[in-house]
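A.B. asks: Sequence first, predicted model second:
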Amino acid sequence: MSHAATEFVPLNIAVLTVSDTRNEETDTSGRLLVDNLLGEGHLLAEKQIVVDDKYDIRAIISRWIADKTIQAILVTGGTGFTGRDTTPEAVIPLFDKTIEGFGELFRQVSFQEIGTSTIQSRAFAGMANKTVIFCMPGSTNACRTAWEHILKSQLDSRHKPCNFVPHVRR
């Protein structure tokens, strides 16, 4: 069954940047995601920057999952291998379902750009309370790769044969 509509359905999307060093002026990754989602016709529900702390990350994501107006969440940062990178540990326990294909496809596409260094990407995605959540590395190039090659089409109700719009809350 096709999960594609003929009309564009704008989504309310929240953006979270996980970083100990970025602020609104230096958050190029979060800004790229906001600019791209707005450019496609989606709505920005909220944007925040949070330090690399598992419980602070989880608190914000949990609040957004519970917010009946937010349909999608884009998270940038905290997916590496340093001791402070805890985005997967913070977010994955909140999922009702995982979207294994996002991380797999992200690494496949990223391989063309950065070669074998892509194995250090812990990009991942899932669904929680009918909210789709995509988590990607903190680099602006990684966010651009994720948006252009995966997110833009999967958040577009017209994308065939399927996309995530029918699976999020209305």
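C.D. replies: It's in. Computed from a prediction, not measured in an experiment: that's the story for all the values here.
A.B. asks: What lies in contact with the longest helix belonging to the chain?
C.D. replies: When the chain is parsed with DSSP state H, its longest helix is helix 100-114. By C-beta atoms under 8 Å, 6 or more residues apart in numbering, the residues outside helix 100-114 that reach it are 118-119, 121-125, 134, 136, 141-142, 145-146, 149-150. The way it works is simple: take the backbone N, C-alpha and C, and place the C-beta from them, glycine included.
A.B. asks: Stretch 162-170 now?
C.D. replies: 2-5, 9, 11, 68, 71-72, 127, 129-132, 153-157.
A.B. asks: Tell me which stretches of the protein form helices.
C.D. replies: Assigned by DSSP H, the chain shows helices spanning 28-39, 54-66, 87-91, 100-114, 140-146, 152-154.
A.B. asks: Output those as JSON lines; include the columns mean neighbour count.
C.D. replies: What follows is these, written out as JSON lines (neighbours: other C-beta atoms under 10 Å):
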{"stretch": "helix 28-39", "mean neighbour count": "19"}
{"stretch": "helix 54-66", "mean neighbour count": "17"}
{"stretch": "helix 87-91", "mean neighbour count": "22"}
{"stretch": "helix 100-114", "mean neighbour count": "16"}
{"stretch": "helix 140-146", "mean neighbour count": "21"}
{"stretch": "helix 152-154", "mean neighbour count": "16"}
